[in-house]
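Participant: A predicted structure for the sequence below; I have some questions about it.
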There are 2 protein chains.
Amino acid sequence: MLERRTPIPIAEAVKKIMDYQLNGSTEHIPIEESYGRYLSEDLAATSDVPHFDRAPYDGFAVRSEDTLDASLTNPVEFKVIDHIGAGMVSTKVLDKNQAVRIMTGAMMPEGSDAVVMLEVATTYEKDGTSFMSIKRKHKQGENVSFRGEDAKKGEALVKKGTFINPGIQAMLATFGYKKVPVAKKPIVGLFATGTELLEVDEELVPGKIRNSNSYMIAAQIERAGGEVHYFGKLPDEFDTCFEAVKNAVNEVDLFITTGGVSVGDFDYLPAIYKKLGAEVLFNKVAMRPGSVTTVAQYNGKLLFGLSGNPSACYVGFELFTRPIIRRMLFSEKPHLRKERALLEVDFPKANPFMRFVRSTVSFENGRLKTAPSGLDKSNIIMSLAGANSLTILPGGTRGFQAGDEVDVLLLEDQQGSEWPW
Amino acid sequence: MLERRTPIPIAEAVKKIMDYQLNGSTEHIPIEESYGRYLSEDLAATSDVPHFDRAPYDGFAVRSEDTLDASLTNPVEFKVIDHIGAGMVSTKVLDKNQAVRIMTGAMMPEGSDAVVMLEVATTYEKDGTSFMSIKRKHKQGENVSFRGEDAKKGEALVKKGTFINPGIQAMLATFGYKKVPVAKKPIVGLFATGTELLEVDEELVPGKIRNSNSYMIAAQIERAGGEVHYFGKLPDEFDTCFEAVKNAVNEVDLFITTGGVSVGDFDYLPAIYKKLGAEVLFNKVAMRPGSVTTVAQYNGKLLFGLSGNPSACYVGFELFTRPIIRRMLFSEKPHLRKERALLEVDFPKANPFMRFVRSTVSFENGRLKTAPSGLDKSNIIMSLAGANSLTILPGGTRGFQAGDEVDVLLLEDQQGSEWPW
């Protein structure tokens, strides 16, 4: 008997998944290991930056009032009473026509309110004492970085869920985060099912193929920000599969299987979900590829039954699993980032279903354009290697032409979309 | 005495660095760890894909010649003589009007040359024997994935230097790469210099700041694909610095110092290079920020003396150090990827030097646009957190207006440019 399934629209499928409010959790890791992780708390400035008035250039700290009469024809002379590098603090207080030689980053000496850049000063000695003179006046505050100029203590800086890039790592150091609060990587369990699957190091034999989906999905999990827990591959035997899934599900935050979700006679996932007592959220989506994606929830955990077809598996992960991982990383924009692009090729054939074409986006004079990254038969793994995006072709009664503006979902991106559908 | 330095154009500075033909080397790592690394060899198909004719759909394998007479008014009946799942091989040879029930991915049985999709077949039993009938003819090869359709054995697939993404990881699995040849991560040594620097977990005191450059550069090294070897921070004392640099340089592939390259009285790097016997390639570049970047070579190793100013340090790394790291990762496009974007704001003041503005690029209807990611004073670290690009404003006698088309260098990118200058 052929099971009848009712496909639901993709936006509805995604909404059903996102309705499960899975929360991320925090761990504190050394700042040295924080690059590429996601902040689990909003960050605010723990001090003013800079936290003292400082010289942004090498030069001389002076009192601006002493420079008022300086001009090309009337150089004004200053006695250099101290000499400090960055990190040093002068004990001197500036008096009339006194200057302190000061290096980039050093604290402004008491009494000073402007910096004369080294290049505009004439320096000389008289009787063993250093002097400098200038030929133009300096305004109060000229060439001074004032306390709190970059950030005021308490000021909100970056939101939780933000990807830690080099600039944010610098910010964390500035504010004294020896340990950084980051989102724990969700542990994503992974099983491949299929009697046809060989291990990577096995020789090819007729009828069997090497298991590539597990490696692909593992990399997709890493790219999304999760941690893979690979349980191995399962033969197409119901009891073995059931026991394996039942035991594994308790050890992980999310659970993925590849294969076994079709309506073929050896596709056991639906029956396994049933015996587990899991609630199937949907088992068919109005999309190509990936229509047989099945998602269920079991004790508040999401089980993703992705297709065994590599392309369908890839797309199913990106549309359904990725946003859950990103949400557990505290992202407010957990979905693939959607942008507009110009099609570079024709898709003359209409398709009643929304299609996700593995594609390569590039720029032409600053304009985003997109082309399929390989032959678009859903079983062709080669096109996955070149894919940096999925081009969305809405279902309907007409095809598409080169030059049409379409939506693309960007795969290698940390920004995301709130809701791309 | 103020040292005189002659600034050279940025393209010339980059060329002087790239003239050092530093070669990468290979290591073989488990495929499970290969995501995010760079291939060190060109990859070719080690077998045909698929390596046997297979069914891309669930259905019935038949001989197309037997379907010639099928039509809506003339269903043709087939006897189902076998039933195979993916990974199984039928021992039967098809004879006239015989069919084999076949699952997605299974090998085509001998004699068959087309697949009838399950949805278009009517199935029934007669006296305990399975039959199916169809109402339309099938062409030879219909619904069959032929051997070698995706890739032919020996076919070139991806070039060395390619970033291993999920699709490529799948490809590696398909072709049996249990171990993957990847570029060894170049070891990049890192010293921060400056008496003003506190450790991240030290309390702020007047005149001193926490060392943030090291963490920033460490993350930039990781983003570029290198491995950081952090030696700590050095005080502004010549002998200590000299000994430390001299010893460290032997342990790494590349060497970075931050700070100490200015013309301030405590900037020892030039003297250290001299005492080492290193050849200074340049010590001033016609650019803002980062003009005091100094690069030297010592026994064929490159020493990067980056500015202690965070913005100058950041830009100096991306323009000068990153391409060397990427080249050692076998990239043919080692430089930051350059694209065209529309300026979103005015830069009314002309500047004689080429400027690199830390900026955020985004899209508006598929068009790349760029805006500064923070206040553009070169000492303002906050703008680094939001930077995903550097906007190039060429030096000259005029400013720039919103709407002007400019070049941008993309920071979060695996594609790169051959030569962006």
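Facilitator: Sure thing, it's come through.

Participant: Please count neighbours and contacts with C-alpha atoms only from this point.
Facilitator: OK.

Participant: Quickly note the distance from A:Phe330 to chain B.
Facilitator: Between A:Phe330 and chain B the distance is 18 Å, computed by Cα to the nearest Cα, to the nearest Å.

Participant: Surely that residue touches A:Ala183?
Facilitator: Yes. Counting by Cα atoms under 8 Å, A:Phe330 does reach A:Ala183; the two are 7.0 Å apart.

Participant: residues shared between the contacts of the two?
Facilitator: A:24, A:38-40, A:161 (Cα atoms under 8 Å, 6 or more residues apart in numbering or on different chains).

Participant: neighbours of whichever residue of the stretch 301-421 of chain A sits closest to chain B, just the number please.
Facilitator: The nearest approach of the stretch 301-421 of chain A to chain B comes at A:Ala385, 3.9 Å away (Cα to the nearest Cα). Neighbour count of A:Ala385, defined by other Cα atoms under 10 Å in any protein chain shown: 24.

Participant: Could I get the full set of strands for the stretch 1-150 of chain A?
Facilitator: All strands of the stretch 1-150 of chain A, identified by DSSP state E, counting those that start in this stretch, fall at A:26-30, A:43-44, A:59-62, A:76-84, A:98-102, A:114-117, A:122-126, A:129-134.

Participant: so what are the domain limits for chain A?
Facilitator: Listed by automatic domain parsing, the domain ranges of chain A are A:10-25+A:185-328, A:28-48+A:160-183, A:59-134, A:337-410.

Participant: Now do the end-to-end distance for the shortest one.
Facilitator: Using Cα to Cα, to the nearest Å, the gap from the first to the last residue of domain A:28-48+A:160-183 comes to 9 Å.

Participant: does any part of that domain sit near chain B?
Facilitator: Yes. Counting by Cα under 8 Å from any Cα of the partner chain, chain B is contacted by domain A:28-48+A:160-183 at A:31-32, A:35, A:165-178.

Participant: same thing with the first one?
Facilitator: Yes. Contact of domain A:10-25+A:185-328 with chain B (Cα under 8 Å from any Cα) involves A:194-197, A:200-202, A:206-220, A:222, A:264-266.

Participant: Now do the same for the residue of the stretch 301-421 of chain A closest to chain B: its pLDDT.
Facilitator: On pLDDT, A:Ala385 comes in at 92.

Participant: Check A:Asp150 too.
Facilitator: At A:Asp150, pLDDT is 86.

Participant: Now for the nearest residue to A:Asp58 once chain neighbours are set aside, how many residues are close by?
Facilitator: Leaving aside its sequence neighbours, A:Asp58 sits nearest to A:Met103 (Cα to Cα, 6 or more residues apart in numbering or on different chains; 4.3 Å). Using other Cα under 10 Å, A:Met103 is surrounded by 30 other residues.

Participant: Tell me the spacing between A:Met103 and A:Arg54.
Facilitator: Distance of A:Met103 to A:Arg54, given as Cα to Cα: 9 Å.

Participant: Contacts only, for the residue nearest to A:Thr391 when sequence neighbours are not counted.
Facilitator: Among residues not flanking A:Thr391 along the chain, A:Val408 sits closest, at 4.4 Å (Cα to Cα, 6+ apart). Neighbour list for A:Val408: A:338-341, A:370, A:389-392 [criterion: Cα under 8 Å, 6+ apart].

Participant: and A:Val408, what helix or strand is that in?
Facilitator: strand A:405-410 (DSSP states H and E).

Participant: A:Asp253: how many residues sit nearby?
Facilitator: Neighbours around A:Asp253, by other Cα under 10 Å: 21.

Participant: Give me the nearest residue to it, chain neighbours excluded.
Facilitator: Among residues not flanking A:Asp253 along the chain, A:Ile187 sits closest, at 5.2 Å (Cα to Cα, 6+ apart).

Participant: hang on, that neighbour packs against A:Asn250?
Facilitator: No. Counting by Cα under 8 Å, A:Ile187 sits too far from A:Asn250 to count as a contact (11.0 Å).

Participant: Can you pull out the low-pLDDT segments for chain A?
Facilitator: Chain A contains residues with pLDDT under 70 at A:1-3, A:262-266, A:375-381.

Participant: show me where it has helices.
Facilitator: Secondary structure of chain A (DSSP state H): helices at A:10-18, A:166-174, A:213-224, A:238-248, A:269-276, A:310-316, A:322-328, A:382-385.

Participant: among the ones you listed, which is the most enclosed?
Facilitator: Per-stretch averages of neighbours, counted by mean count of other Cα atoms under 10 Å in any protein chain shown, single out helix A:166-174 among those, with a mean of 27.

Participant: Identify all contacting residues around it.
Facilitator: Residues from elsewhere that reach helix A:166-174, judged by Cα under 8 Å, 6+ apart: A:31, A:34-35, A:178, A:180, B:200, B:209-220, B:381-387.

Participant: same check, this time on stretch A:329-337
Facilitator: Contacts for stretch A:329-337 (Cα under 8 Å, 6+ apart): A:23-24, A:38-40, A:160-162, A:183-186, A:225, A:318-319, A:322-327, A:409-411, A:413, A:415-420.
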